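Chemist: sequence and predicted structure are below.
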Amino acid sequence: MTKKDVVIEVEGLVKSYGDTEVLKGIDLTVERGTMLALLGPNGAGKTTTVRILSTLLGFNAGAVSIEGHDVRSEADDVRSVIGLTGQSAAVDEMLTGRENLVMMGRLYHLTKESAKARAEELLEDFDLVKAAGRPAKTYSGGMRRRLDLAVSLIATPPVIFLDEPTTGLDPRSRIAMWDIINKLKQNGATILLTTQYLEEADQLADQIVVIDGGKVIAQGTAKQLKAKIGKDRLELTFASDKLFAAAKKALGKKLLDSDDTERTVTALLKDTNVDVRQVLDILAKEDIKFESMAVHKPTLDDVFLSLTGKQTDSSEEKA
C-alpha cells in the first residue's frame, strides 16, 4: 500500500474534555475506494473521531489527514473533498426535497442550472422523485434519511463520513440505505462508517476497527475478527430457571453470554468437537439436562461482546 492509496490517515489521535480523555491514541487508515466501519460501545469515541476528521472538532494530539490535507492547517481543503451524513443533517423541513438540494448546491457554488440538474440526479438515485415537491417535514423516517444523504452528496465528494446513518430506521428502510451506500462505494467513494448495527458493518465494510475506552482494541476484515474468537458457538436452552441457573454456575468461564428471558447459555468453541464434548460432560456430571442444543457460526455480535464485554445500545448517549 502506497501513500497515494491512503485517503484517510489518523495517527496517535488524542482528545480530552477537561480531565476526561475520550480518545487515547487512535490509529487508523482507509484505502481509496474502500469502506471502513468504526465499531464500539457507546461512549467509546466513534462520533468524536468522525467530528474531528470532518473538521467540526479540534483535538489535543496526533495527526489527521484527508486526501493528503492536514485537518488542522488545511481545513478548507479537507471540507472540499468530504461529505458528512449523521442522524440528522442540514435539511430545512419547510422546504421541499428538491428545494433543499438546489439550495445546498448553490451553497457549494454550483450555478443555478448545475444545482437543479444535480438535484434531479440525486432525487432519481435516492428514489425521491415522487416526493420531490413535498415539504421535508412530511417525509417518513426512511425518506428523510435518504434526503439527508443526498444533501451531503450534492457536490459529489470523493470521501464520505456516515455517522450512524440508519439509526432508527425500520429493517426495510435500512436495507434500502445499504443498497445506496454500496452503490456509492462501487462508484469509487472512500467511506468511513460508524454504526450501532453489527450486521451493517458485516454486510458493507471492507475493514472494521473496534474501539473501546478511546483505544483501538481490534481491526481487520469481518472474517478475520470472527476467526479470532473461535470457529463456532454452542447455544443451549433449558426448560426451567433452576436448570438454567445451575448450568450457568457449572459452566462458569466457558460462557460467552446468557439470556435470562430465553434461558439460554452460549459458549465459544475454539475446537468444535473437543469443546462441545467438554461442555456436555460438565452438564452430565452435574446431572443438568438441557432442552435443546444448536451450534452457530460466529457473528460480529459475538466478536463485539468478546472484545468489549458490552452490548451495543443505540439508546445510550453517544460520544
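Modeler: Happy to help now that I have it.
Chemist: just give the nearest non-adjacent residue to residue 207, would you?
Modeler: residue 36 (4.8 Å; CB to CB, 6 or more residues apart in numbering). Just so you know, the C-beta spots here come from the backbone N, C-alpha and C atoms, and that holds for glycine as well.
Chemist: ranges for the helices of the chain?
Modeler: Taking DSSP state H, the helices of the chain run over residues 46-53, 75-79, 97-107, 112-125, 141-152, 171-186, 198-204, 222-228, 241-251, 272-285, 300-308.
Chemist: what's the local residue count around the residue nearest to residue 207?
Modeler: Counted by other CB atoms under 10 Å, the residues lying close to residue 36 total 22.
Chemist: same question, residue 100
Modeler: Count around residue 100 with other CB under 10 Å applied: 25.
Chemist: how near is it to residue 298?
Modeler: Counting by CB to CB, to the nearest Å, the gap from residue 100 to residue 298 is 43 Å.
Chemist: now residue 202
Modeler: Distance of residue 202 to residue 298, computed by CB to CB: 11 Å.
Chemist: poorly predicted segments of the stretch 1-150 of the chain, please.
Modeler: Applying pLDDT under 70 to the stretch 1-150 of the chain flags residues 1-4, 86-90.
Chemist: could you rerun that using 90?
Modeler: For the stretch 1-150 of the chain, the stretches with pLDDT under 90 are 1-4, 19, 39-44, 47, 83-93, 104, 107-109, 125-127, 140-146, 148-150.
Chemist: quick check: the most centrally placed residue in the chain vs residue 227, distance?
Modeler: Nearest to the mean C-alpha position of the chain, by CA atoms, centre = their mean, lies residue 195 at 2.3 Å. According to CB to CB, residue 195 stands 21 Å off from residue 227.
Chemist: hang on, residue 39 packs against residue 207?
Modeler: No. Counting by CB atoms under 8 Å, residue 207 is not a contact partner of residue 39; they are 11.0 Å apart.
Chemist: which one of those two has more residues nearby?
Modeler: Between residue 39 and residue 207, counted using other CB under 10 Å, the more crowded position is residue 39 (29 against 20).
Chemist: ok, that one - contacts?
Modeler: Residue 39 makes contacts with 46, 194-195, 198, 201, 208-211, 300, 304, 312, as judged by CB atoms under 8 Å, 6 or more residues apart in numbering.
Chemist: lowest-confidence entry in those residues?
Modeler: Lowest pLDDT of these: residue 312, 51.
Chemist: quick one: distance of stretch 142-154 to the chain centre.
Modeler: 18 Å (CA atoms, centre = their mean, to the nearest Å).
Chemist: swap that for stretch 92-103, sorry
Modeler: 28 Å.
Chemist: can you measure across that stretch, start residue to end residue?
Modeler: End-to-end distance for stretch 92-103: 10 Å, by CA to CA, to the nearest Å.
Chemist: please parse this protein into its domains.
Modeler: The record's domain parsing of the chain by automatic domain parsing lists 3-221, 230-297.
Chemist: deepest of these, which one?
Modeler: Ranked by mean neighbour count under mean count of other CB atoms under 10 Å, the domains of the chain are led by domain 3-221, which reaches a mean of 18.
Chemist: ok so, going back, wait, which of the domains of the chain is closest to residue 308?
Modeler: If you check each of the domains of the chain against residue 308 by CB to CB, domain 3-221 wins as the nearest, at 4.7 Å.
Chemist: returning to that earlier point: distance to residue 140 added to the contacts of residue 39, as JSON lines?
Modeler: Output for the contacts of residue 39, formatted as JSON lines (distance: CB to CB, whole Å):
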{"residue": "46", "distance to residue 140": "26"}
{"residue": "194", "distance to residue 140": "23"}
{"residue": "195", "distance to residue 140": "21"}
{"residue": "198", "distance to residue 140": "25"}
{"residue": "201", "distance to residue 140": "25"}
{"residue": "208", "distance to residue 140": "30"}
{"residue": "209", "distance to residue 140": "32"}
{"residue": "210", "distance to residue 140": "32"}
{"residue": "211", "distance to residue 140": "32"}
{"residue": "300", "distance to residue 140": "28"}
{"residue": "304", "distance to residue 140": "30"}
{"residue": "312", "distance to residue 140": "25"}
